[in-house]
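**Student:** Fold the following for me, if possible:
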Amino acid sequence: MMLQLLLFCLALFIFVYWVLPTGISWYLVKRFRVKVRIGRISLPYLSLKNVHISKSGFSVQIEEVCLRSSFFTTEVTKLLSIYIRDIRINKDIHSRQDDSYDQDSYELRRTQTLAGKASEAKGVPDFRQTKVPASIITFAQFMAVHVNNISVVLMNNDFDPGWFIHATAKELHLDGSIVQNARVLLVNAALSEAQAKMLRHCSSRRQSLENLNKIRPCLGEVSFDMTLDASLFAQGPLSMDTLSLVINNAKSVIHGGLYEFLSEAKRRTSTGQPSRRSTQGLAPSKRSYDNDNYEKLAPIIPKNFNFSIKAATFSAVKENSQNDFSAKLQSFQISGKFNSKVTDEKTLLPSMLAKLGFHHLDIDTKYEKLLFVEQFTIDSVLEKDIFNLYVKLKTFQIIYNHSEIYDFVNNNFLARQRSSEAQPMQLIHKQKSLPDHLDLDTAVQSNLRANQRREGGVLEWIMQRIVVKGCAELFNVSLLMKLEDEHIAMSVSHTRFLLEQIEEKRSNLYENKFLNLLLNQRQWSMELMVETLWSNLGNSINDTNNLKKTHSPGSPFFLGVSLVKLCSYANTTKLDISVHTFRTEYSMQLAEFVVKSMECLRQYRGIKPKNMSGQSHARPNAGLTLSVQPSQSSTSLRVSVKVKDITAYFVNHHNVYSLLSFSELNLSRSQSLTTLKLEEFQMAIMRSMTASSLCLTDFSDVFATCKMIRLEHEQVEGTMGKLSIYIPGNMEATWNSNLHMHLLTLVRDMQDLKTELAIPASSVKKTTPKEGFIVELSAERSTIFEIKFSDRHSIQIFVESLFFSQKERCIIYAENVFVKIDDQHIFTVKELDLQSVPR
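**Tutor:** Okay, the predicted model is just below:
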């Protein structure tokens, strides 16, 4: 009896520890064609120890696989729960550089021969008749998977130095359930404390001790927690109802050696054989987009989807473990609804509602803040082929510090780019196959361009079927630029842009392809509204109420309210601009800032001032690529501009202020006539500035005034046009030596600015000039002109009903001319009529 018991125990031991694992491994190999080796099986809980799985280059090692059931323990809610502990996945990544060019040529000929069949076989997959497999429904209803301690290693040793990706996760849970009378399948997946790192091996080439100290193995890392919830219909055809993906505590770090590593990898891979992508590019493409494509994909498109990221951070770290810059995002979310059913026969696309938004985005550099966005949202609705878009941006602040930003760009991009361009001959011995196949690359590029022109793309296919309407609003947008010692601040409190389209058609097209796709021969209207746009040199000003009333010295411009309307009417485009309160200032401080800005811009471009004129002479016809002859499809533009309360301040290097102001400016332009009307024109000067703000009443030394000036320019064949100037009211002007010197100084300051900017003169040869302007000047009332030599001596000239004309001859006519010297009447001329000899 004891011997039988021992034999039974021995047989049970052999069956459990050898026969059963071997049998399970044999079944998995036959059933799934996966190589499986099970170390042993432990009891009383059925668990598999030391499991090794290999397939397609993947090697999976599992410490323990344990099965638990709700029949035996209350800790488990499912009928069968699978617990996996300590899983390690390894994979060696190999490139396909060993493929010969003959094989690619054979595949190219084969692809061209079977292009028609391949295009049909590789079309958009059809999911309309797909059903959820019964095994997935059974698994979701009765089973769950819990994985602890996951480790994944992807190794690449094809080039020196090699790299690998190491990813880990603490827990992974997969669960599901069937609800609503087995009609809805719920799927849940949760991944916690996931982390991935990209590391590189040390180069096999001999390195100096200094370079070894600089090399850091970690190139980048990312960590996050993720939760996935999905629901789909378990009965009938496949149809996904909801999909929700939430990522929490996302953190990514980019180390300093990543850009250099990627540049080296790109340089090594680009010297190899032509890729399969190039051979596929030569094959004729027959892909097209139609209304049936999205119907095939509609079952797997969720009806309600949500993707969100919470508490995300991103940072770039140098080799010395110092942050170059970092970004923090409080929340990011994409949500929407999709309805694939089309109820209206005229509707071509399904209905869709989507929303994108993020809150509190902070980007900081090493020393200060670079960007801050409080809120950004995009709401879009597609219904009955009408796409409505609403964009909102609230509190957008950007700070540009040139010394810091340029150092970052120069150290990470420009320096390496210059070093690679300085040594082009070092790659010649590696580019053995490249010169022999340049004709292939050229053919690939030309074929791809031809396919794009012939087929367009999915975006063009969509744009041809929808009508776009939208609104974009920006609140509290500000910019601060720091160029060493020069600072400028700009801000706008509110900006709104509207786009409307109606079904009424136009008979012509625009020359721009994008405009034709967007507007598609429909009548349209655009509107841009800007409130309180201002800038200030030096320290920023936050109190905009004072800027609305007075001018602050050092403020280059201020715009109160502006409304721009651009719309189509028949075959004409109308532009209406309305501005209230516009002020601008030119000063030496502004000139210094402009010069400094150009110097900073040349640092990015690598342009020297001495070479600019040489480059402009090298290609004199570079800018003459567009024809100036109007085509039949072009539309005429009608312009109407109305600006109230215009003030311009000009400050020379002696800190003398010159004023130019208008109470109202009206500009209208039609196809052949342009009209400009100026009301309450005034020019003044202020020699000493002591206050912190300025207004018109502070300028007591007025040297030019006029109630209204009207200018008309009419196109006349054979000439540069006819210019008519009408002055219906009185006009007064005063000139003296001090005014002359201050204005001359101002002009020379502007000329010096042009010289420092090194603006090249136009080298385009001018055509044969036409005849000059036809000028007509009419001043109906009195015109007073005074020249002051000193406080005691002056000359005053009074002219009534002045008329001047320059056409075939010059004509000057005045009814009365009075001349005073030192306030004493000298002589009077009545009905003055001067005419030159005809040309």
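**Student:** When you work out contacts or count neighbours from here on, use the C-alpha atoms and nothing else.
**Tutor:** OK.
**Student:** buried set for stretch 737-747?
**Tutor:** 739, 742-743, 745-746 (16 or more other CA atoms under 10 Å).
**Student:** swap in stretch 681-698?
**Tutor:** Applying a neighbour-count criterion of 16+ other CA under 10 Å, the buried positions in stretch 681-698 are 681-686, 694.
**Student:** would JSON lines of these with secondary structure, pLDDT and distance to residue 797 be doable?
**Tutor:** Written out in JSON lines, the entries for these read as follows (DSSP: H, G, I helix; E, B strand; the rest coil; pLDDT from 0 to 100; distance: CA to CA, whole Å):
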{"residue": "681", "secondary structure": "strand", "pLDDT": "90", "distance to residue 797": "20"}
{"residue": "682", "secondary structure": "strand", "pLDDT": "91", "distance to residue 797": "19"}
{"residue": "683", "secondary structure": "strand", "pLDDT": "90", "distance to residue 797": "19"}
{"residue": "684", "secondary structure": "strand", "pLDDT": "89", "distance to residue 797": "20"}
{"residue": "685", "secondary structure": "strand", "pLDDT": "88", "distance to residue 797": "22"}
{"residue": "686", "secondary structure": "strand", "pLDDT": "84", "distance to residue 797": "25"}
{"residue": "694", "secondary structure": "strand", "pLDDT": "74", "distance to residue 797": "32"}
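**Student:** between those, which is nearest residue 71?
**Tutor:** The shortest gap between residue 71 and any of the buried residues of stretch 681-698 belongs to residue 694, at 87.7 Å (CA to CA).
**Student:** my guess is that closest one meets residue 548, correct?
**Tutor:** No: at 11.6 Å, residue 694 does not count as touching residue 548 under the criterion of CA atoms under 8 Å.
**Student:** Give me the domain ranges for this protein.
**Tutor:** Following automatic domain parsing, one finds the domains of the chain at 2-68, 345-419+456-541+556-609, 652-689+697-758+769-835.
**Student:** and of those domains, who's closest to residue 129?
**Tutor:** Within those, the stretch nearest residue 129 is domain 345-419+456-541+556-609; the backing value is 19.4 Å (CA to CA).
**Student:** Mind checking the pLDDT average for that closest one?
**Tutor:** Model confidence over domain 345-419+456-541+556-609 averages 86 on the pLDDT scale.
**Student:** Start the count at 14 instead of 1 going forward.
**Tutor:** Will do, 14 is the new start, and the previous item becomes domain 358-432+469-554+569-622.
**Student:** Can you give the distance of it from its chain's centre?
**Tutor:** Computed by CA atoms, centre = their mean, to the nearest Å, the chain-centroid distance of domain 358-432+469-554+569-622 equals 9 Å.
**Student:** the helices in the stretch 264-413 of the chain, which residues?
**Tutor:** 270-282, 289-295, 304-310 (DSSP state H, counting those that start in this stretch).
**Student:** And these, which one averages the lowest pLDDT?
**Tutor:** Taking each of the helices of the stretch 264-413 of the chain in turn, the lowest mean pLDDT turns up on helix 289-295, with a mean of 48.
**Student:** centre of the chain versus stretch 348-356, how much separation?
**Tutor:** For stretch 348-356, the separation from the chain centroid amounts to 28 Å (computed by CA atoms, centre = their mean).
**Student:** Ok, stretch 674-684 next?
**Tutor:** In terms of CA atoms, centre = their mean, the centre of stretch 674-684 is found 35 Å from the chain centre.
**Student:** Could you pull out the buried residues of it?
**Tutor:** Neighbour-count burial for stretch 674-684 flags 674-682 (criterion: 16+ other CA under 10 Å).
**Student:** what's the longest helix in this protein?
**Tutor:** What stands out as the longest helix in the chain, according to DSSP state H, is helix 750-770.
**Student:** which other residues reach that helix?
**Tutor:** Residues from elsewhere that reach helix 750-770, judged by CA atoms under 8 Å, 6 or more residues apart in numbering: 601, 604, 608, 611, 622, 663-666, 669, 698, 801-802.
**Student:** Point out the other helices and strands that the biggest strand by length in the chain packs with.
**Tutor:** Counting residues, the longest strand in the chain under DSSP state E turns out to be strand 499-518. In this structure, strand 499-518 makes packing contacts with strand 480-496, strand 535-550, helix 601-618, judged by 3 or more CA pairs under 8 Å, 6 or more residues apart in numbering; DSSP states H and E.
**Student:** Buried residues, the next helix or strand along the chain from it. List them.
**Tutor:** If you walk from strand 499-518 toward the C-terminus, the next helix or strand you reach (DSSP states H and E) is helix 526-532. Using 16+ other CA under 10 Å as the burial criterion, the residues of helix 526-532 that qualify are 529-532.
**Student:** can you redo the residues you listed as JSON lines with distance to residue 236?
**Tutor:** Written out in JSON lines, the entries for those read as follows (distance: CA to CA, whole Å):
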{"residue": "529", "distance to residue 236": "45"}
{"residue": "530", "distance to residue 236": "42"}
{"residue": "531", "distance to residue 236": "41"}
{"residue": "532", "distance to residue 236": "45"}
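**Student:** quick one: which of these is nearest to residue 367?
**Tutor:** Top of the list for closeness to residue 367, among those and by CA to CA, is residue 531 at 19.9 Å.
**Student:** show me what contacts that closest one?
**Tutor:** With contacts defined as CA under 8 Å, 6+ apart, the neighbours of residue 531 are 476-477, 480-481.
**Student:** and if you look at residue 89?
**Tutor:** With CA under 8 Å, 6+ apart as the criterion, the residues that contact residue 89 are 81-83.
**Student:** contact partners of the longest strand of the chain?
**Tutor:** When contacts are defined by CA under 8 Å, 6+ apart, strand 499-518 is touched by residues 480-495, 532, 534-553, 605-606, 609.
**Student:** And the closest residue to residue 41 other than its chain neighbours, how far from residue 66?
**Tutor:** The shortest distance from residue 41 to any residue other than its chain neighbours is 6.3 Å, reached at residue 47 (CA to CA, 6 or more residues apart in numbering). Remark: distance between residue 47 and residue 66 (CA to CA, to the nearest Å) = 7 Å.
**Student:** isn't residue 473 right next to residue 530, touching?
**Tutor:** Yes: proximity of residue 473 to residue 530 meets the contact threshold set by CA under 8 Å, at 7.0 Å.
**Student:** So residue 247 sits against residue 145, correct?
**Tutor:** Yes: counting by CA under 8 Å, residue 247 touches residue 145, with 6.1 Å between them.
**Student:** I only care about the contacts of helix 750-770 that end up buried; give me the PyMOL line for that.
**Tutor:** Here the buried members of the contacts of helix 750-770 are turned into a PyMOL selection, burial being counted by 16+ other CA under 10 Å:
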select buried, resi 601+604+608+622+663+664+665+669+698+801
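**Student:** State the number of residues packed around residue 822.
**Tutor:** Close neighbours of residue 822, defined as other CA atoms under 10 Å, add up to 11.
**Student:** any idea how far residue 802 is from the residue nearest to it when sequence neighbours are not counted?
**Tutor:** Nearest residue to residue 822, sequence neighbours excluded (CA to CA, 6+ apart): residue 851, at 4.9 Å. In this structure, residue 851 and residue 802 are separated by 37 Å, where distance is defined by CA to CA.
**Student:** ditto for residue 768
**Tutor:** Relative to residue 802, residue 768 is positioned 33 Å away (criterion: CA to CA).
**Student:** repeat for residue 235
**Tutor:** Counting by CA to CA, the gap from residue 235 to residue 802 is 78 Å.
**Student:** surely residue 729 meets residue 736?
**Tutor:** No: under the criterion of CA under 8 Å, residue 729 makes no contact with residue 736, lying 10.1 Å away.
**Student:** So those two - more neighbours on which side?
**Tutor:** For residue 729 and residue 736, the more surrounded residue by other CA under 10 Å is residue 736, and the numbers stand at 19 against 13.
**Student:** give me every residue that touches that one.
**Tutor:** Taking CA under 8 Å, 6+ apart as the definition, contacts of residue 736 comprise 724-727, 786-789.
**Student:** Switch the residues you listed over to a markdown table; also include neighbour count.
**Tutor:** Converted to a markdown table, the contacts of residue 736 look like this (neighbours: other CA atoms under 10 Å):
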| residue | neighbour count |
| --- | --- |
| 724 | 17 |
| 725 | 20 |
| 726 | 20 |
| 727 | 18 |
| 786 | 17 |
| 787 | 18 |
| 788 | 17 |
| 789 | 20 |
